[in-house]
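In: fold the following, please.
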Amino acid sequence: MEKIKSRFVLFLILTLFWVLWNNTFDPLTLIIGAIVILITILLFGPSTDIFKGVKLTPSGLMYSFWYILVFIGALIMSNIDVLFRVLNPKLPIKPGIVRIETSLKSPIARLILANSITLTPGTFVVDIKQNYLYIHWIEVCCDGDPELAAKNISEKFEKILLKIYE
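Out: The predicted structure follows:
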């Protein structure tokens, strides 16, 4: 059952991209897309275990939209922070790598968390080992306290991802 669900999620994602890229709801284009997508799923479907944790529920969808809003807010704030650091060289820059423990178990949730952290300016996920993310941070704060660093970097993302994928 889990394999069927993973392949269905892959079908939905590929269909969404097909419609966005073609910018049409023409029946012939949709039929061709469905055929291409089904062939793709038959060829690559067995390797879609990453979608195991996806919840196809209304609350999962609602939290996904909420996650996008939170991510956009964090993206804007971190862009402003980096902009001020570039424009004002007197602002402190204390780069370093911090290790943050995540409670996310789903591979897709960890992937989304790592990508979200990397996409926000000033942070970059260097490595993931078991439950730990190693993050290069432009302004290491918290005097080496990993819990406080995790709160500053990943907590806002992780709380929502737990509701979507765990």
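In: contacts and neighbour counts: CA atoms only from here.
Out: Noted.
In: pLDDT at Y132, what is it?
Out: For Y132, the pLDDT comes out at 89.
In: residues contacting the residue nearest to it when sequence neighbours are not counted?
Out: Counting by C-alpha to C-alpha, 6 or more residues apart in numbering, Y132 lies nearest to E101, which is 4.4 Å off, once chain neighbours are set aside. Applying C-alpha atoms under 8 Å, 6 or more residues apart in numbering, we find E101 in contact with 131-133, 146, 150.
In: please pick the buried ones from the residues you listed.
Out: The neighbour count (16 or more other C-alpha atoms under 10 Å) marks 133, 150 as buried among these.
In: secondary structure added to the contacts of E101, as TSV?
Out: What follows is the contacts of E101, written out as TSV (DSSP: H, G, I helix; E, B strand; the rest coil):
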residue	secondary structure
N131	coil
Y132	strand
L133	strand
P146	helix
A150	helix
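In: make JSON lines out of the contacts of E101 and add distance to S59.
Out: Formatted as JSON lines, the contacts of E101 follow (distance: C-alpha to C-alpha, whole Å):
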{"residue": "N131", "distance to S59": "26"}
{"residue": "Y132", "distance to S59": "28"}
{"residue": "L133", "distance to S59": "27"}
{"residue": "P146", "distance to S59": "31"}
{"residue": "A150", "distance to S59": "26"}
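In: using the three-state scheme, assign the residue nearest in space to the middle of the chain.
Out: Closest to where the C-alpha atoms of the chain average out (C-alpha atoms, centre = their mean) is I112, at 2.0 Å. Three-state assignment for I112 (three-state DSSP): helix.
In: again, but for the one 4 residues further on
Out: Under the three-state scheme (three-state DSSP), S116 adopts helix.
In: also W18?
Out: helix.
In: what helices and strands are in contact with the worst-scoring helix or strand of the chain on mean pLDDT?
Out: In the chain, the helix or strand scored least confidently by mean pLDDT, DSSP states H and E is helix 146-153, which has a mean of 74. Packed against helix 146-153 by the contact rule (3 or more C-alpha pairs under 8 Å, 6 or more residues apart in numbering; DSSP states H and E) you find strand 96-101.
In: what is the mean pLDDT for the strand it packs on?
Out: 85.
In: in its sheet, what does it sit against?
Out: strand 132-137 (antiparallel) (DSSP bridges).
In: got the phi and psi for I128?
Out: Here is the backbone geometry of I128 (degrees, to the nearest 10): phi -130, psi 120.
In: spell out, range by range, the helices that occur in this structure.
Out: 2-22, 27-44, 58-87, 107-119, 146-153, 155-165 (DSSP state H).
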